[in-house]
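**Q** For reference, the sequence and a predicted model appear below.
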Amino acid sequence: MRSVATGSSSLGVKDDAYDSRHGARAARLRPSSHRRPGRKSSARIGRMTAQAGNSDILFARKGAAGLVTLNRPHALNAVTFDMIRSLAAKLAEWESDPAITRVIVTAAPGRAFCAGGDIRELYALGCAGRAEEALGYWRSEYALDAVIKRYRKPYVAVIDGIVMGGGAGISINGSHRVAGDGFEFAMPEAGLGFIPDVGATWFLSRMPGERGLYCGLTGARLSPADAIASGIATHRVSSRRLPDLIEALCGNVSVDALLAAFAEPPGEGPLTKLGAEIDRLFGEASVEEILAALDAEGAGRGPAADFARTTARTIRAKSPRSLKLTLAQLRHGKSLDFAECLRTEFRIVSRLVHGHDFYEGIRSVIIDKDQAPRWQPATLEAVSSAEVERHFAPLPEELVLP
């Protein structure tokens, strides 16, 4: 889930924009150990309509394009259950419509494209003993991710803000990902006692070298340049040209030709410059060995010493269980197809929602905001191999994908 400070995810971190309905509900349902201590721009292209009265996600048709706009800027466009259902229904409709030859996904103006899933609602359900109901959200979300991944028409996500967790699911899994000036990608779930999901087992494990593992263990944020170099984004276009790009995409010129015409050189990002060091330090077999390598590097005076010290400190703040699960899932994910990656994630999540760290991470980062999680277990050494492996075991009711 993130270098967790602001954002939201499939788990992401929602900001201070707090849905009072969810907040009141969570306060009523939260166990005592998690009690909270008091406390358009983007050119209107086409005629935007809400699906089934849901103004949080808008749909329109213009020319050859089906247009999707995420419309919850007050909540960093965090994805709700209703938004998932609405998008899934509209994609099914457009896929069989010969007049629609491509789908374009954008977000209402603001600093986030989509900072993740509606984490407060999931927290409230879990605290109310309704974890199985919460799993229905993930079942639907992962099914939508699978639809997007294998969509038969170009699916163009125009990302000009923060994209994390569930936001990555509805964008990074698409065929074309355009990074504007405000693009910022992260999967900081380990800091929330969760794991990188929504297909991250696939796309993080296929980043060059050990960059995906680095992102999964640290929640580091990628710039547009690093996202292009890592395969997270496919094209770099300056923000000022995005309205013209969207307008052009509504015509009949091929998506690939248009994106090639608008694309700009991405440059070299900071993560790419550290690629050799990341590959060396994160190539170890366990989280403990990675930390030992970082500590050894940080004790020296080499060019990567400061990076190593900062990175080790960041990792040690995460959930020990989540760190070990993340390493195992990404190592395993290299040999899995996309559907198998989603099923693996659902197996892990089905265990985490009945545990402690997921709720404790949300409490410390989102609810109480004390940034002082009390993880259980509290150390890496206390998380055994058997404990990790049980999260990957088959379920009585496995994830069913379309």
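**A** Received, thanks. Numbers count the residues shown, from 1 in each chain.
**Q** What residues does the nearest residue to D160 once chain neighbours are set aside make contact with?
**A** The shortest distance from D160 to any residue other than its chain neighbours is 3.2 Å, reached at G180 (Cβ to Cβ, 6 or more residues apart in numbering). In this view, the C-beta of every residue, glycine as well, is placed from N, C-alpha and C. G180 is in contact with 158-161, 224, 237-239, 242, counting by Cβ atoms under 8 Å, 6 or more residues apart in numbering.
**Q** Go ahead and confirm S175 touches R152.
**A** No: in this structure, S175 is not within contact of R152 by Cβ atoms under 8 Å, at 9.9 Å.
**Q** before we move on, back to that, would you list the phi and psi of the residue nearest to D160?
**A** Backbone torsions of G180, given as degrees, to the nearest 10, read phi -90, psi -170.
**Q** Just the pLDDT at it, thanks.
**A** Turning to G180, the model gives it a pLDDT of 98.
**Q** show me where the stretch 1-150 of the chain has strands.
**A** 49-51, 54-62, 65-70, 102-107, 112-114 (DSSP state E, counting those that start in this stretch).
**Q** Please identify the deepest-packed of these.
**A** strand 112-114 (a mean of 31; mean count of other Cβ atoms under 10 Å).
**Q** neighbour count winner among S175 and R152?
**A** S175 (19 against 8; other Cβ atoms under 10 Å).
**Q** give the contact list for the more buried one.
**A** Contacts of S175 (Cβ under 8 Å, 6+ apart): 151, 154-156.
**Q** circling back to that earlier point, ok, of the contacts of G180, which one's closest to D368?
**A** Among the contacts of G180, G161 lies closest to D368 (Cβ to Cβ), at 26.4 Å.
**Q** Can you report how many residues lie near the closest one?
**A** Neighbours of G161 using other Cβ under 10 Å come to 24.
**Q** Out of the contacts of G180, grab the one that's most surrounded.
**A** For the contacts of G180, neighbours tallied by other Cβ under 10 Å; top is I159, 29 neighbours.
**Q** What values do phi and psi take at it?
**A** Dihedral angles for I159 - degrees, to the nearest 10 - are phi -110, psi 110.
**Q** Per-residue pLDDT of it, please?
**A** 98.
**Q** same deal with D118?
**A** The model's pLDDT for D118 equals 89.
**Q** ok, now the one 4 residues further on?
**A** For L122, the model assigns a pLDDT of 93.
**Q** next one: A24
**A** 35.
**Q** Now for T379, how many residues are close by?
**A** Neighbour number of T379 under other Cβ under 10 Å is 10.
**Q** same question, the one 4 residues further on
**A** As a burial measure, the neighbour count of V383 was computed by other Cβ under 10 Å and equals 20.
**Q** Helix, strand, or coil at it?
**A** coil (DSSP: H, G, I helix; E, B strand; the rest coil).
**Q** so what's it up against?
**A** So V383 contacts 320-321, 324, 377 (Cβ under 8 Å, 6+ apart).
**Q** ok, back up a step: what would the strands of the stretch 1-150 of the chain look like in TSV with mean pLDDT?
**A** Below are these laid out as TSV (pLDDT from 0 to 100):
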stretch	mean pLDDT
strand 49-51	56
strand 54-62	94
strand 65-70	98
strand 102-107	98
strand 112-114	98
